[in-house]
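J.: coords below, sequence missing:
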Ligand SMILES: [Zn+2]
């Protein structure tokens, strides 16, 4: 398959330290045409930006992740502001709420999420949103601030998906649709309007079956596309092409 657009990757992760450049040089030959790397802290936002400068096909999303916002200082947000001027930055992310891991108090997460939603609107950039076990608060804040963007690794119900689509949001799906007991993600994959679907890895995590538990990379999106295309009764390559067009539209590329 060709023309794969991975809308969510973490190639700055230490699990790529051993062979990062070899892998990133090889991905275009494996059908990958664009990747959005997502920062989660100031430091990883800087590394993300450096990767986007080294590789033409990599773009940067920069921001503070909900699991990391407890440690973020005011000076981190100031430093991020300077990075947003870079032309390779196409989104504010990865931001959001995570009520699964109890590491950062809810009010701290909500404050960090809201300030970055406000910033995205000011910068006229889309947001890449992480929502784990926090659907109600996430939707409430998106309703309030009305940014453009994507709900990445979408794990909500078909009803929540429809609510998000009504708000103009895109739905990111990855390896989870291939897992056993993937009833909910598959129902979402079948029901989401074709012009709002995006493909992603969240690599190094979430490798699709038959690589579940191993290190993920953007070329494995082919397996995700096959699974989603099967439930929708379409050709995987047609799905990949449509999802790439969707991502180009959202991130205003090409
Ligand atoms: Zn992520």
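T.: On my side now, so go ahead. Note that the structure is a prediction, hence the values are computed from the model and not measured. Numbering: from 1, shown residues only.

J.: which residues does residue 23 contact?
T.: Residue 23 makes contacts with 11, 16, 217, as judged by C-beta atoms under 8 Å, 6 or more residues apart in numbering. C-beta coordinates here come from the backbone N, C-alpha and C atoms, glycine included.

J.: Surely the last one touches residue 27?
T.: Yes: when contacts are counted by C-beta atoms under 8 Å, residue 217 is listed as touching residue 27 (7.1 Å).

J.: Could I have the buried ones of the contacts of residue 23 as PyMOL selection syntax?
T.: The PyMOL selection below is limited to those of the contacts of residue 23 classed as buried (16 or more other C-beta atoms under 10 Å):
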select buried, resi 11+16+217
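
J.: Residue 152: which of the contacts of residue 23 is nearest?
T.: residue 11 (15.6 Å; C-beta to C-beta).

J.: Can you tell me the closest non-neighbouring residue to the closest one?
T.: Once flanking residues are discounted, residue 11 sits nearest to residue 37: 5.4 Å by C-beta to C-beta, 6 or more residues apart in numbering.

J.: for the helix or strand hosting that neighbour, packing partners?
T.: Applying DSSP states H and E as the criterion places residue 37 in strand 32-38. Under the contact criterion of 3 or more C-beta pairs under 8 Å, 6 or more residues apart in numbering; DSSP states H and E, strand 32-38 touches strand 4-9, helix 42-54, strand 58-62, strand 89-98, helix 236-250.

J.: a markdown table for these, including mean pLDDT, mean neighbour count and distance to the ion?
T.: Shown next, in a markdown table, are the helices and strands packed on strand 32-38 (pLDDT from 0 to 100; neighbours: other C-beta atoms under 10 Å; distance: least, C-beta to the ion, whole Å):
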| stretch | mean pLDDT | mean neighbour count | distance to the ion |
| --- | --- | --- | --- |
| strand 4-9 | 98 | 29 | 6 |
| helix 42-54 | 98 | 19 | 10 |
| strand 58-62 | 98 | 27 | 9 |
| strand 89-98 | 97 | 26 | 5 |
| helix 236-250 | 98 | 19 | 16 |
